[in-house]
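Novice: test case, fold it:
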Amino acid sequence: MFPETLETDRLRFERCSRESIDPLEFYDLTSRRNPTIEAETRYLPWEPLETPADAAARLEGFERTWDERERAEWLLRPKAGEDGAGEVAGTATLLFEWNRDLAYPGIWLRKPFWGRGYSGERADALLEIAFERLDLEVVAIPLHRENEKSLRAVERYVERHGGRYEGLLRNHAVRADGPIDHHRFSIAREEYLESEGEDRA
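Specialist: Below you'll find the predicted structure:
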């Protein structure tokens, strides 16, 4: 149902699994062995992993939810010509609520790869999957209220694809330090297709 691999201008996506990355390498990137992990996960719904076993379990979970069509998770690797080509720059996610005809995109990006516009490039690819491959009705983007850098990036790609800002949802999610507010953006399939038609005209 989901593409195992895909490529954009600067990024290669690979299904995130124990076949595509060794659990120990994944642990090094997603635990406190990574010196920038606290900054990278500050606004994300997961904490740095504690043990290599946690990393293996996380990858196994990605495999299971992929097979069950609940979540698609890809490794992001810069392509040749990019600084850090071939390294794991982070992950891209699509979460699904099929009964609501809805998907949520996500991204974790390592700090050395910030500021390159990869978030928007990743979003373009995930929106194409959601609307053109899976024929979903809506993609919604909830964003931590304090995440100002990502807010600007989300505003740009949502506007580019014809979507809208829906408002601030108070106490919309819970993190380890308590409830948080979310900005919510959304793009409907009709809006996306209309914007794509304009781009291709």
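Novice: drop to CA atoms for contacts and neighbour counts, all remaining ones
Specialist: Fine.
Novice: gap between Arg18 and Arg110?
Specialist: Between Arg18 and Arg110 the computed distance is 20 Å (CA to CA, to the nearest Å).
Novice: again, but for Arg12
Specialist: 15 Å.
Novice: what do you get for Arg175?
Specialist: Relative to Arg110, Arg175 is positioned 20 Å away (CA to CA).
Novice: out of these two, which sits in the more crowded spot?
Specialist: Neighbour totals were compared for Arg175 and Arg110, and Arg110 leads with 19 against 12 (other CA atoms under 10 Å).
Novice: pull up the gap between the more buried one and Phe131, please.
Specialist: 27 Å.
Novice: same check on Glu97?
Specialist: Using CA to CA, Glu97 is found at 14 Å from Phe131.
Novice: more neighbours: these two, which one.
Specialist: Neighbours per residue (other CA under 10 Å) separate Glu97 from Phe131, with Phe131 holding more: 20 against 13.
Novice: and the helix-or-strand element of the chain with minimal mean pLDDT, which residues are buried?
Specialist: In the chain, no helix or strand scores lower on mean pLDDT, DSSP states H and E than helix 189-200, which sits at a mean of 86. Within helix 189-200, the residues scored as buried using 16 or more other CA atoms under 10 Å are 189, 191-193, 195.
Novice: stretch 73-93 too?
Specialist: For stretch 73-93, by 16+ other CA under 10 Å, it's 73-79, 88-93.
Novice: what do you get for stretch 25-41?
Specialist: Buried-residue list, stretch 25-41, by 16+ other CA under 10 Å: 26-32, 37, 40-41.
Novice: identify the residues contacting Phe26.
Specialist: Each residue near Phe26 by CA atoms under 8 Å, 6 or more residues apart in numbering is listed here: Ala55.
Novice: pull the distance from the longest helix along the chain to the chain's centre.
Specialist: The longest helix of the chain (DSSP state H) is helix 52-67. Remark: helix 52-67 is offset 16 Å from the chain centroid, using CA atoms, centre = their mean, to the nearest Å.
Novice: just the buried positions in it, please.
Specialist: For helix 52-67, the neighbour count (16+ other CA under 10 Å) marks 52, 54-56, 58-60, 62-63, 66 as buried.
Novice: what's next to that helix, contact-wise?
Specialist: Here helix 52-67 makes contact (CA under 8 Å, 6+ apart) with 16-18, 23-24, 26-27, 30, 49, 71-73.
Novice: possible to save those residues as CSV with pLDDT?
Specialist: Listed next are the contacts of helix 52-67 as CSV, based on pLDDT from 0 to 100:
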residue, pLDDT
Cys16, 98
Ser17, 98
Arg18, 98
Pro23, 98
Leu24, 98
Phe26, 98
Tyr27, 98
Thr30, 98
Leu49, 98
Arg71, 98
Ala72, 98
Glu73, 98
